[in-house]
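sequence unknown, structure follows:
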């Protein structure tokens, strides 16, 4: 009888875990996708990264009850995945970046010329962001997400909050210098 | 955690206009049906290690019955005991001799023989001392060799003195 009862408990627990995981997907898949896209800048790659993140959660679903902040935990998982993928992937040509951006960036109320000009501008900014040192780049990318506070960014990166602030300051200065240099050389 | 107004203010302080690009990318909506695709992927993922099923039908939980446990334990005991007996029965112990005989060696000392070889030490040749020869006597002897003296003279000389024999050069 004990065996039958434990089997029932196992099934019930499995169902509960699946329901919890489905709830996490509904709640955070969109956020995780945006975080992944901000680094990879490719829809399919970003979706794959989110999928991999949830598969990792599935593998470690026993620890779900111990996690205090699921959102930060999930963002940290997907952040590590996308950084790893980015490291392994080859550098994309600039034309690919522009083509991908033209597909996803909103262009409502803009003429064709304005749209093209905006695209060039965005591509230039992204190029300069890519030239930033890794620490500064990570902070400036995550700071673009309004739903992430500096405390949460610090938790995702595994650093202190003051470190996040100082890195963000440096990143902005460097980005301004790079953009200024680019404008002057044109 | 919801970010406070103060925190948002700090983060936007000193922000560049160019950061708007990053903000636009961060605000992009996720593609439609993303959640469903992820859920489908999770459902299709393998949960545990697959075990190849036994092809014959068997009643559920048969392995947990007491009889099967006893039988399995007995089988393990028989296998272990049988294996041990098999090893023990195949070992042949050599008989222990009552006395040990030392083998006879060709040399009593048990060493290699010299095979009759003799060790001869190398000797160093000493200097040869030559006695000095006077020039006159050499000339006389040169003349005497040119003219052979008569036998009578030879005899008289031989009888007279032995100095000639003494002065003969050593060659």
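Perfect, I can see it now. On a predicted model such as this, the values are computed, not experimentally measured, just so you know.

any low-confidence regions in the chain?
Let's take chain A. A:1-8, A:90-99, A:101-104, A:106-109, A:186 (pLDDT under 70).

nope, chain B please
B:1-17, B:47-64, B:97-98, B:100-110, B:135-171.

Mind naming the longest helix for it?
In chain B, taking DSSP state H as the definition, the longest helix is helix B:66-90.

Determine if any part of that helix is in contact with chain A.
No - figure legend: helix B:66-90 not in contact with chain A (CB under 8 Å from any CB of the partner chain); closest approach 12.8 Å. Using the backbone N, CA and C atoms, a C-beta is placed for each residue, glycine as well.

Which secondary structure elements does that helix sit against?
With contacts taken as 3 or more CB pairs under 8 Å, 6 or more residues apart in numbering or on different chains; DSSP states H and E, helix B:66-90 sits against no other helix or strand.

helix or strand for residue A:21, which one?
Using DSSP states H and E, residue A:21 falls within helix A:2-40.

For the helix or strand following that helix, which residues meet the burial criterion?
Note on helix A:2-40: by DSSP H and E, the next helix or strand toward the C-terminus is helix A:43-59. For helix A:43-59, the neighbour count (16 or more other CB atoms under 10 Å in any protein chain shown) marks A:43, A:45-54, A:57-58 as buried.

could you point out which element follows helix A:43-59?
helix A:70-88.

neighbours of the nearest residue to residue A:29 once chain neighbours are set aside, just the number please.
Excluding the flanking residues, the one nearest residue A:29 by CB to CB, 6 or more residues apart in numbering or on different chains is residue B:35, at 4.9 Å. Residue B:35: 18 surrounding residues under other CB atoms under 10 Å in any protein chain shown.

what does residue A:129 give?
24.

And it, how close does it get to chain B?
7 Å (CB to the nearest CB, to the nearest Å).

isn't that residue right next to residue A:174, touching?
No - applying CB atoms under 8 Å as the test, residue A:129 and residue A:174 come out as separate, 9.8 Å apart.

Tell me how far the residue most central in space within chain A lies from residue A:49.
Note on chain A: the residue nearest the mean C-alpha position is residue A:35, at 2.0 Å, using CA atoms, centre = their mean. As judged by CB to CB, to the nearest Å, residue A:35 and residue A:49 stand 9 Å apart.

Touching both of these two, which residues are there?
A:78, A:82 (CB atoms under 8 Å, 6 or more residues apart in numbering or on different chains).

May I have the phi/psi pair for residue A:149?
In terms of degrees, to the nearest 10, the main-chain angles of residue A:149 are phi -80, psi 170.

Next one: it from chain B, what distance?
4 Å.

Tell me how many other residues surround that residue.
Residue A:149 has 23 nearby residues by other CB under 10 Å.

Appreciated, that's everything.
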